[in-house]
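K.L.:
how would this look folded up:
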Amino acid sequence: MRSVMPTLEQVLELPATLRLTIPSSWEDRNGHVNVQHYTALYDLAGDPFMLSMGIDESYARDRRIGFFDLEHHTWFLDEIHVGHEVTAHSCLVARSLKRIQGLLFIVDATRGRLASALEFLSSAVDLETRRTTPIPDEVAQTVDRLIAEQRARGWALPTCGTLSP
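P.N.:
Coordinates of the predicted model:
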């Protein structure tokens with residue numbers, strides 16, 4: 001079953017967590033951005049996304065709680081080329097006691113096209129024991145607010161159907 005992607009206009013409603021011009025070193029032999037750099041884009045967009053949930057470097061250092069990605073599902077929807085400006089946009093889908101499910105979208109702003117989407121499942125982790133732990137209350141409240149904001153937008157999020165918190 002193929003997931004239905006949101007429109008470009010819908011994705012642009014989401015908070016932008018990254019804006020970047022693609023460097024020439026990211027081009028592969030096929031003349032477009034190599035798949036490994038899509039992962040880099042998602043990684044670069046991840047820290048600002050975590051900040052939106054109240055989690056920064058000091059949070060992990062001081063509270064000794066972090067978030068580890070457990071699973072990813074990536075859709076490659078359109079090519080990105082060297083010199084193009086891209087943006088990343090983020091939203092949350094659901095959460096459980098210990099896990100969050102969300103999406104990141106990469107938009108080729110130069111061409112005005114949705115280039116890729118990444119669905120992820122992450123778990124809160126006690127950095128001392130290296131075991132999963134409940135999401136701290138203040139983070140859970142922020143996550144719940146962000147999920148409610150997305151639901152209020154009134155459009156469906158694509159999911160692969162196999163990830164759930």
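K.L.:
show residues contacting the lowest-mean-pLDDT helix or strand in the chain.
P.N.:
When the helices and strands of the chain are compared on mean pLDDT, DSSP states H and E, helix 57-63 comes out lowest with a mean of 91. Helix 57-63 has contacts (CB atoms under 8 Å, 6 or more residues apart in numbering) with 65-66, 127, 136. Every residue, glycine included, has its C-beta placed from N, CA and C.
K.L.:
now swap in stretch 33-48 and tell me
P.N.:
Contacts of stretch 33-48 (CB under 8 Å, 6+ apart): 17-18, 20, 22, 26-28, 74, 76, 79-82, 86, 88, 90, 104, 106, 116, 118.
K.L.:
quick one: which of the residues you listed sit in strands?
P.N.:
Among those, the ones falling in strands (DSSP state E) are 17-18, 20, 74, 76, 86, 88, 90, 104, 106, 116, 118.
K.L.:
just the buried residues from the residues you listed, in PyMOL please.
P.N.:
Entered in PyMOL, the line below selects the buried ones among these, by 16 or more other CB atoms under 10 Å:
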select buried, resi 17+18+20+74+86+88+90+104+106+116+118
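K.L.:
wait, which of the ones in strands among the contacts of stretch 33-48 is closest to V143?
P.N.:
S90 (12.1 Å; CB to CB).
K.L.:
wait, that closest one touches T17, no?
P.N.:
Yes: shown here, S90 and T17 form a contact pair, counting by CB atoms under 8 Å, at 5.1 Å.
K.L.:
now do the shared contacts for these two.
P.N.:
45, 49, 52, 104.
K.L.:
with just CA atoms, put stretch 153-165 into CSV.
P.N.:
Provided in CSV are the C-alpha atoms of stretch 153-165 (Å, rounded to 0.1, in the frame of the first residue of the first chain):
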residue,chain,number,x,y,z
ARG,A,153,-4.2,21.1,11.0
GLY,A,154,-6.8,18.6,9.7
TRP,A,155,-4.7,16.7,7.2
ALA,A,156,-3.5,13.1,7.4
LEU,A,157,0.1,12.2,7.9
PRO,A,158,1.7,9.5,5.8
THR,A,159,2.8,6.4,7.8
CYS,A,160,4.3,3.2,6.5
GLY,A,161,1.9,1.2,8.7
THR,A,162,4.5,-0.8,10.5
LEU,A,163,5.8,1.7,13.1
SER,A,164,3.9,2.6,16.2
PRO,A,165,4.9,3.8,19.6
